[in-house]
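Trainee: any chance you can model this:
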Amino acid sequence: MALPFVVTLRGYDMRQVESLFAEVDGALAADSAVLRAGARDALWTTTLRRRIRGYAPRDVDAAIAQRLAALALPGTWSEPARPVATTPLPFVVTLRGYDMRQVESLFAEVDGALAADSAVSRAAARDVLRTASLRRRLRGYEVQQVDAAIDERLQAL
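Mentor: Numbers count the residues shown, from 1 in each chain. Take a look at the predicted model:
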């Protein structure tokens, strides 16, 4: 199966991604609550391996967030989802801040849950925020700003 992801250096293992998406897309097409729950669990628990040549992590992470939102919504995969605001994160980049990719992925997931009318997706997002362990990098988002934004999102959820 060919997925519409860019192939890059140090990307996600293509076979693993294809297998995961085949399972998830099959569950979305079947419209079975049990299959959807299994697919949702697979998306949450799978740790994608990196390879020298693989799918671009940002593309795959965005597709995972999209499928998680589709699994949280009632109905079928073919229904149009409500647009989610994709505003840039207003954090200052500093030395020794939080990993920017990890923060962006976390907030994309949480903002998707906020846009959904599903209590289950909101509860899952709340759990993700409470248990998030953000890595620090030499160059990253300012720690206090991200922590304040996490507290705001927790209040909203």
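Trainee: and the nearest residue to Ser121 once chain neighbours are set aside, what is it in contact with?
Mentor: Leaving aside its chain neighbours, Ser121 sits nearest to Ala72 (3.6 Å; criterion: Cβ to Cβ, 6 or more residues apart in numbering). The way it works is simple: take the backbone N, C-alpha and C, and place the C-beta from them, glycine included. Each residue near Ala72 by Cβ atoms under 8 Å, 6 or more residues apart in numbering is listed here: Arg40, Ala113, Ala116, Ser118, Val120, Ser121, Ala124.
Trainee: what about the residues you listed, which one has the most neighbours?
Mentor: Ala113 (26 neighbours; other Cβ atoms under 10 Å).
Trainee: check which helix or strand covers that one.
Mentor: Taking DSSP states H and E as the criterion, Ala113 maps to helix 100-115.
Trainee: circling back to that earlier point, how close does the residue nearest to Ser121 get to Glu109?
Mentor: 11 Å (Cβ to Cβ, to the nearest Å).
Trainee: joint contacts of those two?
Mentor: Common contact partners of Ala72 and Glu109 (Cβ under 8 Å, 6+ apart): none.
Trainee: chain neighbours aside, what residue packs nearest to Val110?
Mentor: Nearest to Val110 is Ala125, by Cβ to Cβ, 6+ apart, at 4.7 Å.
Trainee: tell me the contacts of that neighbour?
Mentor: Glu109, Val110, Gly112, Ala113, Leu114, Arg153, Leu157.
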